[in-house]
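K.L.:
Structure of the sequence below:
(chains A and B)
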Amino acid sequence: DTAVSQTPKYLVTQMGNDKSIKCEQNLGHDTMYWYKQDSKKFLKIMFSYNNKELIINETVPNRFSPKSPDKAHLNLHINSLELGDSAVYFCASSQITRIDGNTIYFGEGSWLTVV
Amino acid sequence: EDKVVQSPLSLVVHEGDTVTLNCSYEVTNFRSLLWYKQEKKAPTFLFMLTSSGIEKKSGRLSSILDKKELFSILNITATQTGDSAIYLCAVATNSGYALNFGKGTSLLVTP
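P.N.:
The predicted structure follows:
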């Protein structure tokens, strides 16, 4: 069973479209994240939710909107896609209250290409 | 602003060589330093270090943290082609939930 699963794995879409990436974790973790990895392989935090509450919102365009219907799910919706949004988006989770709570577990990534 | 700097950015070695990857950091309220290996897909966890001078070891990989000099090294002995990957260093702080990642070291092990 995949611990952190995200869909779709690959997405090719045109500029201006709106798209969503879904993420689910079955680890019982209380904290979920979205990271963006650009073409230079730099992993950068975008958002973090703890028990459905937004706790980190980095400098990300407001075209990106996370939604957490429950603590096992954190979806990412992107409006009016731009070429620069092309990247790999990783969902991740952790149990922040544990002593190893900063060990985060990543999903397999969603490769977004905007054309 | 928190900083995590890895060096070298890329490295090519022959099978059997030993490599040392470096990670230095400047963060407020340091909590832990983590190493991840990323092949084609998701980063996978290698080590978490919280105390200075205590080596963590897993097979041919080992890592150590120096909290005074603010750096960590990841050693890989007797490298194999399967060690080819991007190695990511990340730092967690007590003031935040997320990990701050360095830009990674891309390691290529040639036969």
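
K.L.:
Need the residue closest to the centroid of chain A.
P.N.:
Within chain A, one residue has its C-alpha closest to the average C-alpha position: by Cα atoms, centre = their mean, that is A:Trp34, at 2.8 Å.

K.L.:
Contacts only, for it.
P.N.:
For A:Trp34, the set of contacting residues under the criterion of Cβ atoms under 8 Å, 6 or more residues apart in numbering or on different chains consists of A:Cys23, A:Ile45, A:Met46, A:Phe47, A:Ser48, A:Pro66, A:Leu74, A:Leu76, A:Tyr89, A:Phe90, A:Cys91, A:Ala92. From N, CA and C alone the C-beta is placed, and that goes for glycine too.

K.L.:
okay, those in a markdown table with pLDDT and distance to chain B next?
P.N.:
Supplementary listing: the contacts of A:Trp34 in a markdown table, determined by pLDDT from 0 to 100; distance: Cβ to the nearest Cβ, whole Å:
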| residue | pLDDT | distance to chain B |
| --- | --- | --- |
| A:Cys23 | 97 | 12 |
| A:Ile45 | 89 | 4 |
| A:Met46 | 91 | 9 |
| A:Phe47 | 88 | 9 |
| A:Ser48 | 88 | 5 |
| A:Pro66 | 92 | 13 |
| A:Leu74 | 95 | 13 |
| A:Leu76 | 96 | 15 |
| A:Tyr89 | 97 | 11 |
| A:Phe90 | 96 | 6 |
| A:Cys91 | 96 | 9 |
| A:Ala92 | 94 | 8 |
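
K.L.:
So which of the residues you listed belong to strands?
P.N.:
When the contacts of A:Trp34 are checked against strands using DSSP state E, the ones located there are A:Cys23, A:Ile45, A:Met46, A:Phe47, A:Ser48, A:Pro66, A:Leu74, A:Leu76, A:Tyr89, A:Phe90, A:Cys91, A:Ala92.

K.L.:
what pairs with B:Leu74 across the strands?
P.N.:
Beta-bridge partners recorded for B:Leu74 (DSSP bridges): B:Leu21, B:Ser63.

K.L.:
Could you do B:Asn100 as well?
P.N.:
The partner residues for B:Asn100, given DSSP bridges, come to B:Val91.

K.L.:
Check whether it really touches B:Val27, as I assumed.
P.N.:
Yes - in terms of Cβ atoms under 8 Å, B:Asn100 counts as a neighbour of B:Val27; the distance is 6.8 Å.
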